[in-house]
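Trainee: coordinates only, sequence not included:
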């Protein structure tokens, strides 16, 4: 049987993979061009004569029909099964929902994802304000999906559709490089969904096994340039000494010593702590909370360099749906960005719909709540109470809070967020 057509473009490209997943699911034989080089082959006069935009992938079918744009190609292939295509909507409403998720994934989520991760990979220049803004959007969209998937296996209806192909494909880079184990616990609904989709036979046949992130990718430090050895200066020929200028006439040829850099935070002026907060964050992320991580914390905690604070929301009586409460925590954490270097904490959503609360504990640098926290827009909505970690009851509460489970929690834990 002759192939249905040829998909022209680099096979490792995510857009290419989305189309091939759809073809694999439907049993369509599509030839590929693994030798295709993006930025080279799509710039040739021959390619541009046929496809002036220079975009790839391109589908060329056996009967001469051609199409660009991965969304259009995938939708076209899905429609080849007729009105009852398993990958398309069975009603106008389902079709609209599928298009909604594809457009959200491509137009909203994908730019936030690439704006967050590509600068760390070196694919885009690292402009910190732009990257921070993209990361805030990314976290917001991950929260949206996590909430949406509380009671869904698939995005639309009760079956796998091309909406799942596009959303899960665009989640690949985040799960491979950005969401560590602790993050995946925060996004438990989204993680369950992602694992379900990437385990689909068609997905696995194209993508293979997905290795989840162990440590979040960080921007690589620029390589230091080797200093060239200076050739020894030749002895200058003796010449008559010029009269020395008066002090007022002496020109300063050497650069003046640069003034010492001012610390970005008052906390940087504190004595160096015995415990490094980033080490705790990594240990917490990569180990079981109880007993392993908590034992590490109690053994290494520096009560002269850090302090514990119980954090409780002031307006729990106004909280309604639990997922909305959890989103409120996410928003607060987004506005705590300045404190990320100096704080760690967990805030939990406890209770039931229409009867829930926000409760948790924070570790902060220093013995007072720092300006980096108090400056956050939502700070006044929370009570911050100093906590004595040496008190057995308080210590148990901290352990249960950081583990999101345990008998000392005031209410049953629905979900939570980790600030680290």
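Mentor: Arrived safely, thanks for sending. Quantities reported herein were computed from a predicted structural model and do not represent experimental measurements.
Trainee: CA only for contacts and neighbour counts going forward, please
Mentor: Fine.
Trainee: any regions of the stretch 301-420 of the chain where pLDDT drops low?
Mentor: Within the stretch 301-420 of the chain, no stretch has pLDDT under 70.
Trainee: centre-most residue in this structure?
Mentor: residue 178 (4.7 Å; C-alpha atoms, centre = their mean).
Trainee: so the residue lying closest to that residue once chain neighbours are set aside: helix, strand or coil?
Mentor: Once flanking residues are discounted, residue 178 sits nearest to residue 216: 4.7 Å by C-alpha to C-alpha, 6 or more residues apart in numbering. Following DSSP: H, G, I helix; E, B strand; the rest coil, residue 216 is assigned to coil.
Trainee: what's near enough to touch residue 216?
Mentor: Residues near residue 216 by C-alpha atoms under 8 Å, 6 or more residues apart in numbering: 177-180.
Trainee: what separation do you get for the residue nearest to the centre of the chain and residue 375?
Mentor: 27 Å (C-alpha to C-alpha, to the nearest Å).
Trainee: quick one on the thing from earlier: contact partners for the residue nearest to the centre of the chain?
Mentor: 117, 213, 215-217.
Trainee: any idea how far it lies from residue 117?
Mentor: With distances taken as C-alpha to C-alpha, residue 178 is found 8 Å from residue 117.
Trainee: do residue 296 as well
Mentor: Residue 296 is 31 Å from residue 117, by C-alpha to C-alpha.
Trainee: neighbour count: these two, which is higher?
Mentor: residue 117 (24 against 14; other C-alpha atoms under 10 Å).
Trainee: got phi/psi on that one?
Mentor: Per-residue torsions, residue 117: phi -100, psi -40 (degrees, to the nearest 10).
Trainee: quick one on the thing from earlier: same list, the contacts of residue 178, but as TSV with distance to residue 57 and pLDDT please.
Mentor: As requested, these are arranged in TSV below (distance: C-alpha to C-alpha, whole Å; pLDDT from 0 to 100):
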residue	distance to residue 57	pLDDT
117	23	91
213	28	92
215	32	90
216	30	88
217	28	86
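Trainee: excluding chain neighbours, what is closest to residue 145?
Mentor: Among residues not flanking residue 145 along the chain, residue 190 sits closest, at 6.4 Å (C-alpha to C-alpha, 6+ apart).
Trainee: for residue 280, give me its contacts.
Mentor: 296-297.
Trainee: quick one: it is in a helix?
Mentor: Yes - under three-state DSSP, residue 280 sits within a helix.
Trainee: could you pull out the helices in the stretch 51-200 of the chain for me?
Mentor: Along the stretch 51-200 of the chain, the segments classed as helices by DSSP state H, counting those that start in this stretch run 70-79, 92-103, 110-121, 128-148, 162-177, 181-186, 188-198.
Trainee: make a markdown table from those and add distance to residue 418 to it.
Mentor: Listed next are the helices of the stretch 51-200 of the chain as a markdown table, based on distance: least, C-alpha to C-alpha, whole Å:
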| stretch | distance to residue 418 |
| --- | --- |
| helix 70-79 | 35 |
| helix 92-103 | 27 |
| helix 110-121 | 19 |
| helix 128-148 | 13 |
| helix 162-177 | 17 |
| helix 181-186 | 7 |
| helix 188-198 | 13 |
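Trainee: can you tell me which of these comes nearest to residue 278?
Mentor: Judged by C-alpha to C-alpha, the one of those that comes nearest to residue 278 is helix 181-186, at 14.3 Å.
Trainee: what residues does the closest one touch?
Mentor: By C-alpha under 8 Å, 6+ apart, the surrounding residues in contact with helix 181-186 are 191, 213-214, 284-286, 415-418.
Trainee: list the buried residues for it?
Mentor: Of the residues in helix 181-186, 181-186 count as buried by neighbour count, 16 or more other C-alpha atoms under 10 Å.
Trainee: Serialize these to JSON lines and add fields for pLDDT.
Mentor: Conversion of the buried residues of helix 181-186 to JSON lines gives the following (pLDDT from 0 to 100):
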{"residue": "181", "pLDDT": "90"}
{"residue": "182", "pLDDT": "88"}
{"residue": "183", "pLDDT": "88"}
{"residue": "184", "pLDDT": "90"}
{"residue": "185", "pLDDT": "89"}
{"residue": "186", "pLDDT": "87"}
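Trainee: pick the one among these closest to residue 325.
Mentor: Distance to residue 325 across the buried residues of helix 181-186 (C-alpha to C-alpha) is lowest for residue 186, with 13.8 Å.
Trainee: quick check, residue 418 in contact with residue 346.
Mentor: Yes - counting by C-alpha atoms under 8 Å, residue 418 touches residue 346, with 4.5 Å between them.
Trainee: how far off centre is the helix or strand hosting residue 415?
Mentor: Taking DSSP states H and E as the definition, residue 415 sits inside strand 413-419. Strand 413-419 sits 17 Å away from the centroid of its parent chain (C-alpha atoms, centre = their mean, to the nearest Å).
Trainee: elements contacting it?
Mentor: Here strand 413-419 touches helix 181-186, helix 322-334, strand 343-352, going by 3 or more C-alpha pairs under 8 Å, 6 or more residues apart in numbering; DSSP states H and E.
Trainee: one more time with 7 Å, if that's ok
Mentor: helix 322-334, strand 343-352 (3 or more C-alpha pairs under 7 Å, 6 or more residues apart in numbering; DSSP states H and E).
Trainee: tell me the most buried of those?
Mentor: Highest mean neighbour count of the helices and strands packed on strand 413-419: strand 343-352, a mean of 23 (counted as mean count of other C-alpha atoms under 10 Å).
Trainee: report all helices and strands that it contacts.
Mentor: By 3+ C-alpha pairs under 7 Å, 6+ apart, strand 343-352 packs against helix 322-334, strand 355-365, strand 413-419.
Trainee: look up phi and psi at residue 342.
Mentor: As for residue 342, its main-chain torsions (degrees, to the nearest 10) stand at phi -120, psi 0.
Trainee: what's near enough to touch it?
Mentor: 364-365 (C-alpha atoms under 7 Å, 6 or more residues apart in numbering).
Trainee: now with 10 Å, please.
Mentor: Residue 342 makes contacts with 265, 267-268, 277-278, 306, 363-366, 370, 372-373, 420, as judged by C-alpha atoms under 10 Å, 6 or more residues apart in numbering.
Trainee: for residue 23, which of the helices of the stretch 51-200 of the chain is the nearest?
Mentor: Among the helices of the stretch 51-200 of the chain, helix 70-79 sits nearest to residue 23 (C-alpha to C-alpha), with 6.7 Å.
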